[in-house]
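*Asks:* Sequence and predicted structure are below.
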Amino acid sequence: MYSMNELTPRRSAILDFIRERIVTQGQPPSLAEIAEAFGFASRSVARKHIVALTEAGLIEVVPNQARGIRLVEHSPRPEMLEIPVLGRVAAGTPIGPDADLHGHLLLDRSTFSRVPDYLLRVRGDSMTEDGILDGDLVGVHRGAEARNGQIVVARLDGEVTIKRFERTAGSIRLLPRNPAYAPIVVSPDQELAIEGVFCGLVRRE
């Protein structure tokens, strides 16, 4: 049986693509969708990779089903993290909370600066200068405290956003990293809670 380190980069990427589709859409991709996503000339090229992943013991294929791919779950290796995906976070105007469990991803520990408690999918482009793009999954380490300059997930009047944190003697601001957006100045009558600190991201090309 293969280990993840023995997979070719392309097959590892296809396995990640299958896993992400199951997490985000609740179903695996079809061969046609895999071929399109990876620029293969035909479904037969995608099928060869699927056969190889099946022989490696990483997936199973149910015959005669267009979306018959099933992941074969193994116990995570010590250097791997199984992290829950919990809804979304706004990089733009704050959005309402969406904390339903959307599944789990198995990711390399080295992806993150510290171990995240959960992942949130980014919606919006207010943090592009920090390399956080629309659609990214950001890792969040839970905590109610933040230092100036840290990227935080904050809940403001019940709505959730990701911004840089700034506290001065007289105010708290949540700073975007895109000049198209204005800072959010937290007024004294608003309810602000720091949900956690950003500790890395996962991007699916």
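*Replies:* Arrived safely, thanks for sending. Quick caveat, the model's predicted, so the values are computed rather than measured. Residues are numbered from 1 along each chain as shown.
*Asks:* Confirm that residue 28 sits in a strand.
*Replies:* No - read with DSSP: H, G, I helix; E, B strand; the rest coil, residue 28 is coil and lies in no strand.
*Asks:* what about it, how many residues close to it?
*Replies:* Look at residue 28: counted by other CB atoms under 10 Å, it has 22 neighbours. Just so you know, the C-beta spots here come from the backbone N, C-alpha and C atoms, and that holds for glycine as well.
*Asks:* ok now do it, which residues does it touch?
*Replies:* Residue 28 makes contact with 18, 21, 22, 67, 68, 69, 70, according to CB atoms under 8 Å, 6 or more residues apart in numbering.
*Asks:* right, and the helix or strand after the lengthiest helix in the chain?
*Replies:* In the chain, with assignment by DSSP state H, the single longest helix is helix 9-25. Following helix 9-25 in sequence order, the next helix or strand is helix 31-38 (DSSP states H and E).
*Asks:* For the helix or strand following that next one, name the packing helices and strands.
*Replies:* With elements assigned by DSSP H and E, the helix or strand that comes after helix 31-38 is helix 43-55. Under the contact criterion of 3 or more CB pairs under 8 Å, 6 or more residues apart in numbering; DSSP states H and E, helix 43-55 touches helix 9-25, helix 31-38, strand 59-61.
*Asks:* got the contact list for the lowest-mean-pLDDT helix or strand in the chain?
*Replies:* Across the helices and strands of the chain, mean pLDDT, DSSP states H and E gives its lowest value to strand 101-108, namely a mean of 75. Contact partners of strand 101-108, identified using CB under 8 Å, 6+ apart, comprise 19-20, 22-24, 76, 79-87, 119, 121, 137, 202.
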